[in-house]
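Undergrad: show me how the following folds:
(chains A and B)
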Amino acid sequence: MSDPLVRARLEKIDALRAEGVDPFPARVPASERIDEVLRRHGNLAAEEHSGARAAVAGRLMARRQMGKASFLDLRDGSGKIQIHAAADRLGDAAYGRICDVDVGDFLHVVGEVFRTKRGELTVAAESFTFLAKAIRPLPEKWHGLKDVELRHRHRSLDLISNDESRATFVRRARMLSIVRRVLDERGFMEVETPILQPIPGGASARPFVTHHNVLDADLYLRIALELYLKRVLIGGIDRVYEISKCFRNEGISTEHNPEFTMLELYQAYADYGDMMSLVEDLVGTLFREIVGSTVVDYQGKQLDFTPPWRRVSMLGAIAEASGIDLSDRDVAAIRRRAKAKGVDLPEGPFPKLVDELFDRFVEPGLVQPTFITDYPVEISPLAKSKAGEEGLTERFELFVVGMEIANAFSELNDPVDQRKRFEDQERLRAGGDDEAQRIDEDFLFAMEHGMPPTGGMGVGLDRLTMLLSNSASIRDVILFPALRRKDEA
RNA sequence: GGGUCGUUAGCUCAGCCGGUUAGAGCACCUGACUUUUAAUCAGGGGGUCGCUGGUUCGAGUCCAGCACGACCCA
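TA: Residues are numbered from 1 along each chain as shown, chains lettered A, B, ... in the order given. Model (predicted):
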């Protein structure tokens, strides 16, 4: 490496070894978490000495040096504490060695805890041990790492230097923990189902393909959890969920990452109305416990997650937003009505028109949490038909700030109808729609043995994290988002 | 896929209408300093101006293409 900063530090490593100091020792003396030390001595008065020693270990984050004495900031995963190093306490030789430690290096320090006259809890170092050497400088101490590209490509540095980034991933972890707690309390059981699938089902999306050499068979990375979780439910685990990655071979944007984290849950003897209550409870709990309120700021907009949320049927929402009535499902008539409003609709069957009008007129206006209900059957091949409403299903999607957050149905449990729906999808596929779903005979075989009436739901946890952490991009809530390859020197 | 903007030291950023040897702060090195909080003071080193090509007497600066990223649109 020709970087002079790196070269200087590599020379320091040689110098340490020459003095008999291991720059990367295998064993670490016992230490306490920094937040524990701070908590224990929290009530020390300014300039008061505790008379008690503490041992801490962490990364050197800053140094303020004044000749024969220095203040050092040491940080571990729990917090930050100040170290006071003085030549008269450590001895000249040890003080010289601690002055050679670079910001970014790891240290173990033992000493008495006291509070400075400026009021900061501090360890008066009596001895220290070198724990690990850094050979590159950390990002700027005040501005941190701002460049968005560098923050995503070098997440370690982002986490070291940007507290907000760290806080976002702490929130994400709390969200996962609370989701599991709430579902476990309600009698749901967490399971794991295959990521590698012979038939990618449960959603309309393009899959990633891979190959199993020994089986000599193509396998797909799952696009949804649905069909395997339903097999488990049919098997009698009748409240079941999974939290895991799904994969869709599609575009990348501020709302889309090719691999993303889904929660899917299935509850027997329930329907989509129960799923609405469940997601209201779950999301309400998340905002209360993580943010402290169900009314939050998101990118300058005030969002109110206090249940109940607005419910509006899909065709009703389109009629309301565009003034175009779709209830007769007459494609030619709908296209004429749209034309009269100055809207040119593409050729295609009824669901395509619905999709187009929804994306154009409704979705961007769905800022507050809103349930869009009663989707056309053609685009809902796994949802139960709505009684008395020809062509519609018991389905909803939850939208917030124009993003789809959740998708739920009263699950189709009639195996004869399910087979017919798959066959309809197969015809679309034959007609060139490569997102259409495929017949899964093994899934049908399971359903033919009897499936209870069931409510099911999928929730996009990355997008939910965006809302919980006020993040503008999905890349801010995924530790290592998909990026184009860039060769670096 | 289209449009707009961006890419200068390890990091954060200036750099005017094309003109001398490309600047600052942090970080780093040297010196001073035993209660600092972005410590302070004095001095010093560090650059493939994203890449490739073009225009020009002369390009960080203008033009074209490419790469990566951000935002908007489809």
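Undergrad: tally of neighbours for residue A:460?
TA: By other C-beta atoms under 10 Å, 22 other residues sit near residue A:460. Where you see a C-beta, it was placed from the backbone N, CA and C, and this is true even at glycine.
Undergrad: quick check: it touching residue A:400?
TA: No. Shown here, residue A:460 and residue A:400 do not form a contact pair, counting by C-beta atoms under 8 Å, at 10.5 Å.
Undergrad: so who does residue A:199 touch?
TA: A:220, A:438, A:439, A:440 (C-beta atoms under 8 Å, 6 or more residues apart in numbering).
Undergrad: checking the second one next. Helix, strand or coil?
TA: The reference is to residue A:438. Secondary structure, DSSP: H, G, I helix; E, B strand; the rest coil: residue A:438 is coil.
Undergrad: how near is it to RNA strand B?
TA: According to C-beta to the nearest atom of the strand, to the nearest Å, residue A:438 and RNA strand B sit 26 Å apart.
Undergrad: likewise the third one?
TA: With distances defined as C-beta to the nearest atom of the strand, the gap from residue A:439 to RNA strand B amounts to 31 Å.
Undergrad: what kind of secondary structure is the closest residue in space to that residue that isn't next to it in sequence in?
TA: Sequence neighbours aside, residue A:422 is the residue nearest to residue A:439 in space, at 4.3 Å (criterion: C-beta to C-beta, 6 or more residues apart in numbering). The local conformation at residue A:422, judged by three-state DSSP, is helix.
Undergrad: what's the burial count for residue A:422?
TA: 21.
Undergrad: isn't it up against residue A:444?
TA: Yes. Between residue A:422 and residue A:444 there is a contact under C-beta under 8 Å: 7.3 Å.
Undergrad: could you report the neighbour count for the residue nearest to residue A:138 when sequence neighbours are not counted?
TA: For residue A:138, ignoring the flanking residues on the chain, the nearest one in space by C-beta to C-beta, 6+ apart is residue A:104 at 4.9 Å. Neighbours of residue A:104 under the rule other C-beta under 10 Å: 17.
Undergrad: tell me the secondary structure at residue A:104.
TA: Using three-state DSSP, the structure places residue A:104 in coil.
Undergrad: cool, and the one 3 residues further on?
TA: With three-state DSSP as the basis, the three-state label of residue A:107 is strand.
Undergrad: list the contacts of it.
TA: Contacts of residue A:107 (C-beta under 8 Å, 6+ apart): A:57, A:58, A:59, A:60, A:72, A:74, A:98, A:101, A:128, A:129, A:130, A:131.
Undergrad: if we use 6 Å, what do you get?
TA: If you count contacts by C-beta atoms under 6 Å, 6 or more residues apart in numbering, residue A:107 has them with A:60, A:128, A:131.
Undergrad: list the contacts of stretch A:279-286.
TA: In contact with stretch A:279-286 (C-beta under 6 Å, 6+ apart) are residues A:175, A:178, A:182, A:294, A:305, A:307, A:406.
Undergrad: and the second one, how many neighbours?
TA: In this case it means residue A:178. 16.
Undergrad: on contacts alone, who are the packing partners of whichever strand or helix holds it?
TA: According to DSSP states H and E, residue A:178 maps onto helix A:163-185. Helix A:163-185 sits against helix A:155-161, helix A:272-286, helix A:461-469, with contacts defined as 3 or more C-beta pairs under 6 Å, 6 or more residues apart in numbering; DSSP states H and E.
Undergrad: dump that helix to CSV, keeping only the CA atoms.
TA: Output of helix A:163-185 as CSV, limited to C-alpha atoms (Å, rounded to 0.1, in the frame of the first residue of the first chain):
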residue,chain,number,x,y,z
ASP,A,163,-25.1,7.8,15.1
GLU,A,164,-28.3,8.1,13.2
SER,A,165,-27.3,5.2,11.0
ARG,A,166,-26.6,3.1,14.1
ALA,A,167,-29.9,4.2,15.6
THR,A,168,-31.8,3.1,12.5
PHE,A,169,-30.5,-0.5,12.8
VAL,A,170,-31.1,-0.5,16.5
ARG,A,171,-34.8,0.4,15.7
ARG,A,172,-34.8,-2.4,13.1
ALA,A,173,-33.7,-4.9,15.6
ARG,A,174,-36.3,-3.7,18.1
MET,A,175,-39.0,-4.0,15.5
LEU,A,176,-38.1,-7.6,14.8
SER,A,177,-38.0,-8.4,18.5
ILE,A,178,-41.4,-6.8,19.1
VAL,A,179,-43.0,-8.4,16.1
ARG,A,180,-41.9,-11.8,17.4
ARG,A,181,-43.1,-11.1,20.9
VAL,A,182,-46.5,-9.9,19.8
LEU,A,183,-47.1,-12.9,17.5
ASP,A,184,-45.7,-15.4,20.0
GLU,A,185,-48.1,-13.9,22.6
